[in-house]
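*Asks:* starting from these lines, generate the structure:
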Amino acid sequence: MTLVVLVRHGLTAGTGHVLTGRTPGIGLDDRGRAQAQALAAHLAGVALDAIVSSPLQRCRETAAAIAAARDGQQVAITEDARFAEVAYGDWTGQPIKRLVKEPLWRVVQVHPSAVRFPGPDGESLPGVQERAVAAIRDWNARLGPKGAYLVCSHGDVIKSILADSLGMHLDMFQRIQVDPCSVSVIRYTPLRPFVLRMNDTGAGVAGLTGTRPATGQHRTADSQGAGRSGLSERDAVIGGGAGG
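*Replies:* The predicted structure follows:
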């Protein structure tokens, strides 16, 4: 029964505002570093046979914090490009408030299995799921049925893995939320995967409710506030958003 701990990287300066994608050199900001340190302390006692990271800097920094806090256990970090961020093509580096006006945005929301991001290097969302799930299966086989390992990756990539484990069609994966530095856990057995935990940020239930809008007002918000992003509360943030 292989145990997989999925961790999304911590916050960056553009998280929730800009679709960073595979832009190089984007590291954690002060909030993200604090998140990574807190998560590392939380996971310090969890026995791991491997730590696997997306090659992008924000994931490598998050994984490094987790590795440095091992409770008497040295675990090397291995990079695996199959856990890299979605190749968003021409959308890379664009403000979210601009992308929400694109016709493709609505397709990503309701029919992601039909989406290929624009541009010569744009990736399809089915292709993302295929590479990510294949990587999980390979690592499961490498570490064996008693293995336990951590993967540090990106919001949409982790959502695609969770959707596969839940037996959900990819068109449903926008119903899953994966916040920065959240933990999701899957136990893989020969028969089926079991999702043990999803989007655990250790925040408890206090942050699940927000301020109720006044009568007659319409609250539209992403995790950073809707006015700036143009997002409706019914939309999932491409790239994963900035959390609660």
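*Asks:* I'd say Pro126 and Phe173 touch.
*Replies:* No - using Cβ atoms under 8 Å, Pro126 and Phe173 do not qualify as a contacting pair, with a distance of 10.7 Å. (Each C-beta comes from the backbone N, C-alpha and C, glycine too.)
*Asks:* tell me which of the two has more neighbours.
*Replies:* When neighbours are counted by other Cβ atoms under 10 Å, Pro126 and Phe173 differ, and Phe173 comes out ahead with 23 against 15.
*Asks:* run through the residues that contact that one.
*Replies:* 112, 129, 159-160, 162-163 (Cβ atoms under 8 Å, 6 or more residues apart in numbering).
*Asks:* need phi/psi at it.
*Replies:* When read as degrees, to the nearest 10, the backbone of Phe173 gives phi -70, psi -20.
*Asks:* again, but for Ala141
*Replies:* For Ala141, the backbone dihedrals are phi -70, psi -40 (criterion: degrees, to the nearest 10).
*Asks:* pLDDT wise, what is it at?
*Replies:* For Ala141, the model assigns a pLDDT of 97.
*Asks:* for Phe83, same thing?
*Replies:* Per-residue confidence at Phe83 stands at 98 (pLDDT).
*Asks:* which stretches of this protein form strands?
*Replies:* With DSSP state E, the ranges of strands along the chain come out as 2-8, 50-53, 77-79, 148-153, 183-188, 193-200.
*Asks:* quick check: closest non-adjacent residue to the residue nearest in space to the middle of the chain.
*Replies:* Relative to the mean C-alpha position of the chain, the nearest C-alpha, by Cα atoms, centre = their mean, is the one of Gly155, at 2.0 Å. Closest residue in space to Gly155, ignoring its immediate chain neighbours: Gly240 at 2.0 Å, by Cβ to Cβ, 6 or more residues apart in numbering.
*Asks:* how much space separates the one you found from Ile186?
*Replies:* Counting by Cβ to Cβ, to the nearest Å, the separation of Gly240 from Ile186 is 18 Å.
*Asks:* could you pull out the helices for this protein?
*Replies:* The residue ranges that make up the helices of the chain, judged by DSSP state H, are 30-43, 57-68, 96-99, 103-110, 125-143, 155-165, 226-229.
*Asks:* out of those helices, which gets nearest to Leu11?
*Replies:* Distances from Leu11 to each of those were compared using Cβ to Cβ; the shortest belongs to helix 30-43, at 3.9 Å.
*Asks:* so what does that closest one touch, helix or strand wise?
*Replies:* For helix 30-43, the packing partners by 3 or more Cβ pairs under 8 Å, 6 or more residues apart in numbering; DSSP states H and E come out as helix 57-68, strand 183-188.
*Asks:* winner for burial among these?
*Replies:* Per residue and on average, the most neighbours among those fall to helix 57-68, with a mean of 22 (mean count of other Cβ atoms under 10 Å).
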